[in-house]
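Undergrad: Sharing a model prediction with you, sequence too.
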Amino acid sequence: MWWEWTLRVFAGIGALGVVVASVVAIWGLPVAVRSADIAQQAEERERKKDQREDEKEAEEEERLTVGPAIDIQSTEPNLFFSGGSFALPHPTESEEDLPEGGYMSEEYRTWFAENKGLPVNERSVRVTIFPIHQGTVVIQGMRITDRVCRPTRYTGTVVVPPSFGDSGGEGLPTMVAFDLREPVPRPWKMRFWTPDTTPGEGGRDLSGNAFAKVVYLDGGEDFDARAFDLWFFTGNQDCEFGVEVNATTAGRGSEWYRVLFPGRRMTYEVAGNPGRYNTSVVSEDVEGAPVLRGPRDAETPPPLVKGPFDAVG
């Protein structure tokens, strides 16, 4: 009958629809699975990216906090041109004990070192400070450490250099002076004259805190550096001492760093002024050998003219 045929047709169409739907469902299953995998992979990539950024931040923080924040290099002024007075602790008995070379010779330098020669009353050293890490370092001060002073033993021989002209007024780094006779030596700002004298003559003008204005040094590829000439005054005492620099950085706070003096020495020495020496060794010119002379009065050291010492600001 016609209606039986119609039912069979519709039944066939229904069965075909089920087959098509099943095929579509089966075909779409891998797509859904792939989408879920892609989403999971994207999530994993984001997690690893965040982890790498955290590790990078941790490495940067470690780089800023591990190891010293600054490097300090020191150089000594040339003995030949540093001016001032020099002395040996013992008398010089014979001209045979003197170097045959002139004041500029290596032989003279060796003789002076072997006889434990020292500058008298005042001595200087140049220190240059470099930041090691990225970021800003703030230099806020310097201090004397491990100071030992006693009445001078350097009464034996005064060493008199030949005369030299002045330096031509060349620019100098920041000068910081320490009077080691003070109960707690302070870092004074210094110049080589006083308001009552002309430049290059008279006393040493100590006026104000050398670190009343702190020094900022930027680290990194184009890092900053700052040089300081440190001067030490002892009067009639022999003094041995160390120096430390205060540096403040982000993540580390305030720290003190020891200055290593030339020759990697932890301490520096200055001889006191005895008033009079038993013998004298005099260089009358640069090229000639020194000659031995008799007793000699010590030079009067230049006065330290002090103004007010400002607080760090």
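TA: Looks like it arrived, so ask away. What you see is a predicted model, and the numbers here were worked out from it, not measured in a lab. Numbers count the residues shown, from 1 in each chain.
Undergrad: So which residues of this protein form helices?
TA: Ranges of helices in the chain, per DSSP state H, are 2-65, 106-114.
Undergrad: I'd like to know which of those helices has the weakest mean confidence.
TA: For the helices of the chain, the bottom mean pLDDT is recorded on helix 2-65, which sits at a mean of 60.
Undergrad: ends of stretch 213-229, how far apart?
TA: 17 Å (C-alpha to C-alpha, to the nearest Å).
Undergrad: tell me which residues of that stretch are tucked away?
TA: Of the residues in stretch 213-229, 215, 217, 219, 226, 228-229 count as buried by neighbour count, 16 or more other C-beta atoms under 10 Å. (C-beta placed from N, C-alpha, C; glycine too.)
Undergrad: got it, and stretch 252-264?
TA: Along stretch 252-264, the positions that meet the burial threshold by neighbour count (16+ other C-beta under 10 Å) are 252, 257, 259, 261.
Undergrad: wouldn't the second one be in contact with Val245 here?
TA: By that I understand Tyr257. Yes: the pair Tyr257 / Val245 is scored as a contact, 4.9 Å apart, by C-beta atoms under 8 Å.
Undergrad: Give the residues shared as contacts by these two.
TA: In terms of C-beta atoms under 8 Å, 6 or more residues apart in numbering, Tyr257 and Val245 are both contacted by the residues 70, 72.
Undergrad: which other residues reach stretch 98-112?
TA: Outside stretch 98-112, the residues that touch it by C-beta under 8 Å, 6+ apart are 79-80, 86, 92, 159, 161-162, 281, 283, 285-292.
Undergrad: mind listing what's buried in it?
TA: For stretch 98-112, the neighbour count (16+ other C-beta under 10 Å) marks 98-99, 101-103, 105, 108-109, 111-112 as buried.
Undergrad: What sits closest to Asn209 if chain neighbours are left out?
TA: Computed as C-beta to C-beta, 6 or more residues apart in numbering, the closest residue to Asn209 that is not its neighbour in sequence is Asp310, at 4.6 Å.
Undergrad: and if you look at Cys239?
TA: If the residues on either side of it in the chain are set aside, Cys239 comes closest to Cys149, at 4.2 Å by C-beta to C-beta, 6+ apart.
Undergrad: Then Asp297?
TA: Arg276 (5.3 Å).
Undergrad: In contact with the one you found, which residues?
TA: For Arg276, the contacting residues are 155, 295-298, taking C-beta under 8 Å, 6+ apart as the criterion.
Undergrad: Quick check: the gap between it and Phe112.
TA: Shown here: Arg276 relative to Phe112, a distance of 21 Å by C-beta to C-beta, to the nearest Å.
Undergrad: can you list the domains in this protein?
TA: Structural domains annotated on the chain: 1-66, 70-306, as defined by automatic domain parsing.
Undergrad: how far does the longest one stretch from start to finish?
TA: By that I understand domain 70-306. Using C-alpha to C-alpha, the span of domain 70-306 from its first residue to its last is 31 Å.
Undergrad: Also stretch 123-139?
TA: Using C-alpha to C-alpha, the end-to-end distance of stretch 123-139 comes out at 23 Å.
Undergrad: can you pull the buried residues of that stretch?
TA: Across stretch 123-139, burial judged by 16+ other C-beta under 10 Å covers 123-127, 129, 131-133, 135, 137-139.
Undergrad: do the same with stretch 276-294
TA: Within stretch 276-294, judged by 16+ other C-beta under 10 Å, the buried ones are 277-281, 283, 289-290, 292.
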